[in-house]
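Student: For reference, the sequence and a predicted model appear below.
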Amino acid sequence: MQSRALPGEQMPGQQIPQAAAAAPKKQRGFLAVNWPLMMAAAALLGGGVVMGMAVGNAPRPQPTATVALSTPAAPVATPAQPQAAKTAEASAVSAQGWRPISELARTAVDASVLQPSPEPEPLPAVDVAAVPVNTVPDGAPVAAEAAKPEAVKTEVPKAAASGPATPSTRNATPNKPVLAAAPMVPPSFARPAAGDGSGPAWRARAVPPPANAKPPYVALLIDDAGLDRKGTQRAIALQGPVTLSFMSYAGELSEQSAAARAAGHEVMLHLPMEPLDAKRNNPGPNALYVNLEPAEVQKRLAWHLDRFSDYVGVNNHMGSRFTADAARMALVLDEINRRQVFWLDSLSGPNSAGPALARKRGVDAAERDIFLDDDRSPGIAHELATMERMARSRGDVIAIGHPHGTTLTALEKWIATAQERGFTLVPVSTVLLRRQQQER
């Protein structure tokens, strides 16, 4: 049986080390009691290190559909990025600390992407009444004229919505402004016989206005007729009366113009003249140029005016350069006057001498007021509204369009409701006569 000593007593036969015997009683008790504890602590520490190494080297689990995240720090809001900070805060994790992976991808976007787009500057206020009406392209100045203040912009060919493309007929000349109201005087339509001395022959061929016609009058003139046969036929089918100006070099002019007259329309002749940039905008065969001798101008003019008959007047096709030459225009107006037809100036250029020369020489003449389908126009709907405003203000208006699909579609719709809205559709001759009476 093993002897067992009480705490602090010496076992029988036990030898106490000399160092321990010499130590104080309290110190010997500490060594005797705490040495096993120190060994156990060392063992626990070593085991923890080994376990930690094992855990640290274990493979990490792959993320599943959602991952646990700590709330990311929101971007620092600078004066230029208040919205960026709010956006970052809004993308923080939910209260449970979980967020779909797609959300995680969004939070990884660079802070600069989160910056809001700059606010667009407000558009300036526009006074509708002060907006200028459209300019109409026909030619561009040559180098010698480009420096002039009145020089016009480069000619832009017309955009034909249907049918073959036709040459441009216009230049950068603004439409006439809307003026104060004119007296509503109906024109006189006494129709003299041609050559009886009571008046020019064109009045016998003029188409009278509808019965009980009253202002405001709208005269629709379709230029370039005869070239695009499909577009011309559609223009002839318009509920008239309208006026068709047939291109002098088109084919089968007698047949086409006769069809227009049979439909109740008035016909004119479209005379090709030199534009400001004839190299890029060919006015057509036998056109009138300013560098031609007077005899050649007269020869070509006769060729054009003899192409068909029964037209009431002549207006220019292109001609922004030619109409500005007073000497050459005098030759044209004298021949037009001799043939007892009137002159309608298309105002294709800003410096046309036609209107002043016509008044000086006693030629029956008028001027167009607005182009309806210019390439630089805000659109035909805008121009039709301007046309109506002109007609109501002055009592009449002469508007020029072309046999393009979009133009004809717009005119078909406008004509269908024109009478209900108080407008009377008349030929160009009606407006010319009315203006002549107002000038007396």
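Tutor: In hand now; what should we look at? Numbering: from 1, shown residues only.

Student: Show me the helices in this structure, by range?
Tutor: 18-22, 25-56, 82-90, 101-107, 143-146, 202-205, 229-236, 253-262, 294-305, 326-338, 354-361, 380-394, 405-418, 428-439 (DSSP state H).

Student: and those, which one's lowest on average pLDDT?
Tutor: Of all the helices of the chain, the minimum mean pLDDT falls on helix 143-146 (a mean of 30).

Student: Tell me, how many residues neighbour residue 316?
Tutor: Close neighbours of residue 316, defined as other Cβ atoms under 10 Å, add up to 30. For glycine as for every other residue, the C-beta is placed from the backbone atoms N, C-alpha and C.

Student: what residues are up against it?
Tutor: 270-273, 322-323, 345-346, 348, 354 (Cβ atoms under 8 Å, 6 or more residues apart in numbering).

Student: so which of those is the most crowded?
Tutor: Of the contacts of residue 316, with other Cβ under 10 Å as the count, residue 348 tops at 35 neighbours.

Student: so it sits right up against residue 324, yeah?
Tutor: No. Residue 348 is beyond contact range of residue 324, at 9.9 Å (criterion: Cβ atoms under 8 Å).

Student: circling back to that earlier point, least confident of the contacts of residue 316?
Tutor: Lowest pLDDT among the contacts of residue 316: residue 348, 93.

Student: What does that residue show for phi and psi?
Tutor: According to degrees, to the nearest 10, the main-chain angles of residue 348 amount to phi -80, psi -20.

Student: Tell me how far it lies from residue 320.
Tutor: Per Cβ to Cβ, to the nearest Å, residue 348 is found 5 Å from residue 320.

Student: Quickly note the distance from residue 222 to residue 377.
Tutor: 17 Å.

Student: Look at these two and report which has more neighbours.
Tutor: Just comparing residue 222 and residue 377: by other Cβ under 10 Å the higher neighbour count belongs to residue 222, 29 against 19.

Student: Contact partners for that one?
Tutor: Residues 235, 238, 242-245, 400-403 are the ones in contact with residue 222 under the rule Cβ under 8 Å, 6+ apart.

Student: show me the contacts for residue 235.
Tutor: Neighbour list for residue 235: 222, 225, 242, 244, 403, 408 [criterion: Cβ under 8 Å, 6+ apart].

Student: Equivalent analysis for residue 339, please.
Tutor: 201, 305.

Student: Now do the end-to-end distance for stretch 335-353.
Tutor: Terminal residues of stretch 335-353 lie 16 Å apart, using Cα to Cα, to the nearest Å.

Student: Show me which positions of stretch 332-351 end up buried.
Tutor: By 16 or more other Cβ atoms under 10 Å, the buried positions in stretch 332-351 come out as 332-333, 335-337, 340-349.

Student: quick revisit: of the contacts of residue 222, closest to residue 252?
Tutor: Distance to residue 252, by Cβ to Cβ, is smallest for residue 244 among those, at 14.0 Å.

Student: In space, what's closest to the closest one - neighbours in sequence excluded?
Tutor: residue 225 (4.3 Å; Cβ to Cβ, 6 or more residues apart in numbering).

Student: okay but that neighbour is in contact with residue 260, surely?
Tutor: Yes. Judged on Cβ under 8 Å, residue 225 makes contact with residue 260 at a distance of 7.5 Å.

Student: In terms of packing, which of the two has more residues around it?
Tutor: residue 225 (29 against 24).

Student: Can you lay out the contacts of residue 235 as JSON lines showing distance to residue 295?
Tutor: What follows is the contacts of residue 235, written out as JSON lines (distance: Cβ to Cβ, whole Å):
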{"residue": "222", "distance to residue 295": "33"}
{"residue": "225", "distance to residue 295": "30"}
{"residue": "242", "distance to residue 295": "37"}
{"residue": "244", "distance to residue 295": "31"}
{"residue": "403", "distance to residue 295": "35"}
{"residue": "408", "distance to residue 295": "41"}
